[in-house]
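**Q** Structure of the sequence below:
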Amino acid sequence: MKILHYGSKELEKIYARSLCRKPKVIARVAKIIEGVRLYGDEALVKYTKKYDKVKLSQRQLKVTQAEISAGYQNISPDFVSSLKVIFDNVTNFYKRQAKKPWKIRDKEGVILGEQFTPLDSVGVYIPAGQAPLVSTVYMTVLPAKIAGVKRIVLMSPPDKCGNINPHILVVADLLKVDEIYKIGGAQAIAACAVGTKTIAPVNKIIGPGNVYVTEAKRQVYGYVDIDMLAGPTELVIIANRYSHASFVKADLLAQGEHSGGLAVLITTSKAQAKQFKHELDTRCGYTVLVKNLDEAVEVANKIAPEHLEILIRNPSKILKKIKNAGAIFLGPYSPTAVGDYVAGPSHVLPTSATAKFFSGLSLADFIKSNHIISYSKKALENVRGPLEKMAEIEGLAKHLESVRVRF
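**A** Numbering: from 1, shown residues only. Below you'll find the model as predicted:
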């Protein structure tokens with residue numbers, strides 16, 4: 001691993017990283033979205049053949065119950081039983097995020113409040129390029145289900161035989177996903193956003209993907225909502241001379257399994273920095289040498305990583321100082337993998353320094369709030385002066401009259 005020092009120019013480049021938006025990708029995605037808007041299912045068939053090298057008819061785009069049943073025949077017998085603990089953990093975490101409606105009332109007759117309504121429909125994108133992300137199914141669908149979303153549509157690219165991974169199908173079926181489609185890439189995002197004859201549009205699109213999926217989400221945002229713009233996965237580890245070197249090494253190597261991801265070790269130990277410089281390939285990322293934990297926290301907050309592991313003896317000591325991170329893992333027995341698969345919080349997290357303003361997937365992503373306002377005549381009369389003044393300043397005479405007419 002390459003050693004960087006606090007304040008180095010190369011470290012500044014890591015702080016300034018952002019989602020890569022190439023003109024060719026932007027133009028290609030725009031063309032795909034327009035193609036789906038104009039030609040619907042026909043375009044989906046065309047793009048599936050072109051980009052996934054799979055020939056499907058329009059009728060084959062939607063996964064049938066027979067295909068789902070066949071999926072159960074192609075998994076190990078203990079797969080379903082292993083999901084129970086995971087489903088329980090995710091469910092218990094997200095149930096705690098549930099919001100209740102509220103109202104306040106004053107003696108003058110003013111009632112203010114807020115009510116919460118689940119989205120009608122959500123599209124979930126499950127990547128299957130480098131590896132089928134089976135865990136992303138329950139990490140996205142379960143929060144949507146708990147929030148009360150009525151219709152959940154799952155999109156995932158087909159393999160060379162025109163099938164979706166059986167584990168993805170089984171998890172989706174167990175979670176009662178309403179519709180499953182063999183569509184990947186930007187065309188899947190377009191179909192969810194603009195709709196086709198086969199696929200009705202949704203209100204929101206969630207889930208990670210490659211640069212084409214991410215760019216498509218960016219381009220359809222506003223027509224539908226999206227969760228976030230996700231880039232390559234990231235890991236930052238804060239460690240010192242007391243940290244388990246074997247744990248640090250294992251977690252950095254695990255991060256290296258992801259193509260194009262970022263791995264950064266921040267340490268106060270010169271010996272540790274030198275050790276990993278020789279033991280790990282430079283492709284594993286960077287080691288940042290800092291003087292103390294305050295500098296380590298500063299560097300971590302500026303990087304704003306997707307995953308942050310704090311592997312010092314008392315991680316809670318610096319926890320409150322961490323402002324920017326998608327998920328924070330405390331202590332030696334909380335590797336990122338536990339968050340990826342079983343802990344409960346969704347692994348759909350902000351990347352590319354967007355943890356400075358994005359949060360991990362939450363129940364709030366699937367819920368709208370409605371503001372409630374109720375005034376009595378007396379209450380309206382009490383605010384008539386400042387209301388009329390603002391209407392006069394803005395030159396909106398009809399607004400002014402809409403108040404005066406009531407008196």
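**Q** quick one, phi psi at the residue most central in space within the chain?
**A** For the chain, residue 348 is the residue whose C-alpha lies nearest the centre (C-alpha atoms, centre = their mean; 3.6 Å). Dihedral pair for residue 348: phi -80, psi 100, per degrees, to the nearest 10.
**Q** how close does it sit to residue 146?
**A** Going from residue 348 to residue 146 by C-beta to C-beta, to the nearest Å gives 15 Å. Just so you know, the C-beta spots here come from the backbone N, C-alpha and C atoms, and that holds for glycine as well.
**Q** sorry, back to before: helix or strand for the residue nearest to the residue nearest to the centre of the chain when sequence neighbours are not counted, just tell me which one.
**A** Leaving aside its chain neighbours, residue 348 sits nearest to residue 361 (4.1 Å; criterion: C-beta to C-beta, 6 or more residues apart in numbering). Here residue 361 sits in a region with no helix or strand, counting by DSSP states H and E.
**Q** Run through the residues that contact residue 361.
**A** If a contact means C-beta atoms under 8 Å, 6 or more residues apart in numbering, then residue 361 has 139, 140, 143, 206, 227, 346, 348, 349 as its contacts.
**Q** go with 6 Å
**A** 227, 346, 348 (C-beta atoms under 6 Å, 6 or more residues apart in numbering).
**Q** Would you agree the first one is in contact with residue 205?
**A** No: under the criterion of C-beta atoms under 6 Å, residue 227 makes no contact with residue 205, lying 7.5 Å away.
**Q** These two: who's more crowded?
**A** Set side by side, residue 227 and residue 205 show more neighbours around residue 205, with 28 against 25, by other C-beta atoms under 10 Å.
**Q** Okay, strands next: where are they in the stretch 1-150 of the chain?
**A** Counting by DSSP state E, counting those that start in this stretch, the segments of the stretch 1-150 of the chain that form strands are 2-5, 102-105, 111-118, 121-125.
**Q** if I read this right, residue 164 contacts residue 155, doesn't it?
**A** No: between residue 164 and residue 155 there is no contact under C-beta under 6 Å: 9.6 Å.
**Q** Closest to residue 9 out of the contacts of residue 361?
**A** Of all the contacts of residue 361, residue 9 sits closest to residue 348, with 32.5 Å by C-beta to C-beta.
**Q** mind giving me the domain ranges of the protein?
**A** 2-19+232-343, 23-226, 376-404 (automatic domain parsing).
**Q** Count the neighbours of residue 215 for me.
**A** Neighbours of residue 215 under the rule other C-beta under 10 Å: 26.
**Q** SS state for it?
**A** helix (DSSP: H, G, I helix; E, B strand; the rest coil).
**Q** That one touches residue 25, doesn't it?
**A** Yes: contact criterion C-beta under 6 Å: residue 215 and residue 25 qualify, at 5.3 Å.
**Q** what comes up buried for stretch 343-359?
**A** For stretch 343-359, burial by neighbour count (16 or more other C-beta atoms under 10 Å) applies to 343-355, 358.
**Q** and for that stretch, what are the contacting residues?
**A** Identification of contacts with stretch 343-359 by C-beta under 6 Å, 6+ apart yields 18-19, 89-90, 93, 139, 228, 230-231, 234, 304, 306, 324-327, 339-340, 360-361.
**Q** let's see it at 7 Å
**A** Residues from elsewhere that reach stretch 343-359 (C-beta atoms under 7 Å, 6 or more residues apart in numbering): 17-19, 89-90, 92-93, 135, 139-140, 143, 206-208, 227-234, 303-306, 324-327, 339-340, 360-361.
**Q** Which members of those are classed as buried?
**A** By neighbour count, with 16+ other C-beta under 10 Å, the contacts of stretch 343-359 hold 17, 19, 89-90, 93, 135, 139-140, 143, 206-208, 227-234, 303-306, 324-327, 339-340, 360-361 as buried.
**Q** Can you tell me which of those residues end up in helices?
**A** The members of these that map onto helices under DSSP state H are 89, 90, 93, 135, 139, 140, 143, 303, 339, 340.
**Q** show me the contacts for the last one.
**A** For residue 340, the contacting residues are 135, 347, taking C-beta under 7 Å, 6+ apart as the criterion.
**Q** Recalculate using a threshold of 6 Å.
**A** residue 347.
**Q** wait, residue 29 sits on residue 185?
**A** No: the criterion here is C-beta under 6 Å, and residue 29 misses it with residue 185 at 9.0 Å.
**Q** wait, which of the strands of the stretch 1-150 of the chain is closest to residue 315?
**A** strand 2-5 (22.7 Å).
**Q** The closest one - what's its average pLDDT?
**A** On average, the pLDDT along strand 2-5 is 90.
**Q** That one pairs with which strands, and in what direction?
**A** strand 286-289 (parallel) (DSSP bridges).
**Q** Export only the CA atoms of the strand it pairs with, formatted as CSV.
**A** Extracted C-alpha coordinates of strand 286-289, given in CSV (Å, rounded to 0.1, in the frame of the first residue of the first chain):
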residue,chain,number,x,y,z
TYR,A,286,-3.4,3.8,0.7
THR,A,287,-2.1,4.1,4.2
VAL,A,288,-2.4,7.6,5.7
LEU,A,289,0.1,8.3,8.5
